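[1] Here is a sequence together with a model predicted from it:
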Amino acid sequence: MSGFDFDRRRFLSAATAAAGVVLAPGVTLYGIGAAARELDEPASADIRWGLLIDVNQCTEDCDACVTACNEENGVTGHGRPATDAQWIRKVRVRDPKTGAEKHLPVMCQHCAEPPCVDVCPTGASFKRADGIVLVDKHICIGCRYCMLACPYKARSFIHENLSDQKPYAPRGKGTVESCTMCVHRVDAGGTPACVEACGEDGNGAMLFGDLNDPGSEISRRIATYATHQIRGDLGVDPGVRYQNL
Amino acid sequence: MRALVLLLAVLAIPAAAAAQDGRGFGPVIPKGKGEQCVAETDYMRRFHMTELTHQRDETMQRGVRTKRFSLNECVTCHATTDSAGRPVSINAPGQFCASCHEYAAVTIDCFQCHAAKPGDGGRAGLPSPFPMTAAANPETVQ
């Protein structure tokens, strides 16, 4: 028991140390979610994890989030962009009338009403109690209906045998996968790798937190500023929001 | 009668030889780290797959991350290292999982997706999500 308390304290102290990213005087991004759960405690429906991405802070030349995601989850390609797995990508959007360009990362939007879950014939595609949308690869049959249903093109299919996966991010041939919001880090009281990298190596454009907690930084920002859900008109209620898009 | 005794004697020779080098008739299994497994050996031999399947659903679907029957913990404890100190895949021939499964002619699917070697905790700076040695190495904790 004492061993566990030790770990928990270590998580919290490490997380607090790395939590605040000062963008400019008076503007601080806090990338910390809730405290680490007990190991035997299931994910709580009181929480809904989400992301807020400030598109004005995101620049064309930066891919810190993509690199960090690939490194964290062991996502490697075979030099075949059409079929290589892609959990997060940088997207360029341009207004043809004005020529205005924006750059933003797009990953699984962790919808409240995920179409990938609706269409899954085996129940492998599911939404966890805390709003994170995942694929249970143990029961995924690789039919790829979810890939067709996803409006965000967020999912990838693994075509080839893999080896040397990360212990906390199992991946294998014949299954569909996508951004897990770094569920292994979130469960340990941390933030997703992309958010951490954006704060450290990028421009501090990403914020992770609990959308259900009115006191969280992400909820306060969403309540204060106008934010946008990509294809919000579809009614899937994405958990990833974009500011200044 | 004499032939039967002779036959039994002939059959006993390899058995005795095998028993002498401590093998019995079963597979040779590398010893895991630590004093004992998370449950009795007999129980683990018979029910490890049941426990792993149960744990798999608890962790995947509900986010419960207890460590007792975690596959990562199995690998961490039972993986061996080669002469250069590098970890060897637990499903490589002669290793913990493979030696028994080959003997029993049962395919293991776990490691098509799961890491077969103990790994690091991810991006530098974040503590391992599954700290296994924190209690054993308290000096690493602030």
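    Perfect, I can see it now. Numbering: from 1, shown residues only, chains lettered A, B, ... in the order given.

[2] which residues does the residue nearest in space to the middle of chain A contact?
    In chain A, the centroid-proximal residue (Cα atoms, centre = their mean) is residue A:181; its distance is 3.4 Å. Residues near residue A:181 by Cβ atoms under 8 Å, 6 or more residues apart in numbering or on different chains: A:49, A:51, A:108, A:110, A:132, A:192. For every residue, glycine as well, the C-beta is placed using N, CA and C.

[3] and chain B, which of the residues you listed contact it?
    Subset of the contacts of residue A:181 in contact with chain B: empty, counting by Cβ under 8 Å from any Cβ of the partner chain.

[4] any chance you could map the strands in chain A?
    A:20-24, A:27-30, A:49-54, A:88-94, A:101-107, A:125-127, A:133-135, A:156-157, A:176-177, A:206-210, A:227-228, A:240-243 (DSSP state E).

[5] so where's the chain uncertain?
    Using chain A. A:1-35 (pLDDT under 70).

[6] I was after chain B.
    B:1-24, B:120-142.

[7] Can you get me a residue count around residue B:29?
    15 (other Cβ atoms under 10 Å in any protein chain shown).

[8] For it, give me its contacts.
    B:96, B:99-100.

[9] how near is it to residue A:84?
    Here residue B:29 is placed at a distance of 39 Å from residue A:84 (Cβ to Cβ, to the nearest Å).

[10] Could you pull up the contacting residues of the closest residue to residue A:174 other than its chain neighbours?
    Nearest residue to residue A:174 in three dimensions, chain neighbours excluded: residue A:142, at 4.4 Å (Cβ to Cβ, 6 or more residues apart in numbering or on different chains). Residue A:142 sits next to A:157, A:174-176 when contact means Cβ under 8 Å, 6+ apart.

[11] Which members of those are the farthest-apart pair?
    Farthest apart among the contacts of residue A:142 by Cβ to Cβ are A:174 and A:176. That separation is 9.0 Å.

[12] quick one: common contacting residues for these two?
    Joint contacts of residue A:174 and residue A:176 (Cβ under 8 Å, 6+ apart) are A:140, A:142, A:158.

[13] Give me the neighbour count for the nearest residue to the last one once chain neighbours are set aside.
    By that I understand residue A:158. Spatial nearest neighbour of residue A:158, chain neighbours left out: residue A:173 (5.1 Å); criterion: Cβ to Cβ, 6+ apart. Neighbour count of residue A:173, defined by other Cβ under 10 Å: 13.

[14] With residue A:139 instead?
    Around residue A:139 there are 15 residues (other Cβ under 10 Å).

[15] Correct me if wrong: it contacts residue A:124.
    Yes. Using Cβ atoms under 8 Å, residue A:139 is in contact with residue A:124, at 4.4 Å.

[16] Please identify the buried residues of stretch A:122-133?
    Buried residues in stretch A:122-133, counted by 16 or more other Cβ atoms under 10 Å in any protein chain shown: A:124-128, A:130-133.

[17] With stretch B:63-75 instead?
    Buried, per 16+ other Cβ under 10 Å, within stretch B:63-75: B:63-65, B:67, B:69-75.

[18] can you map out the helices along chain B?
    B:2-20, B:41-57, B:71-78, B:96-104 (DSSP state H).

[19] rewinding a little: any figure for the gap between the closest residue to the residue nearest to the centre of chain A other than its chain neighbours and residue B:76?
    Excluding its sequence neighbours, the residue lying closest to residue A:181 (Cβ to Cβ, 6+ apart) is residue A:132, at 4.9 Å. Per Cβ to Cβ, residue A:132 is found 25 Å from residue B:76.

[20] what's the neighbour count on the residue lying closest to residue B:47 once chain neighbours are set aside?
    Leaving aside its chain neighbours, residue B:47 sits nearest to residue B:39 (8.0 Å; criterion: Cβ to Cβ, 6+ apart). Residue B:39 sits with 14 neighbouring residues when counted by other Cβ under 10 Å.
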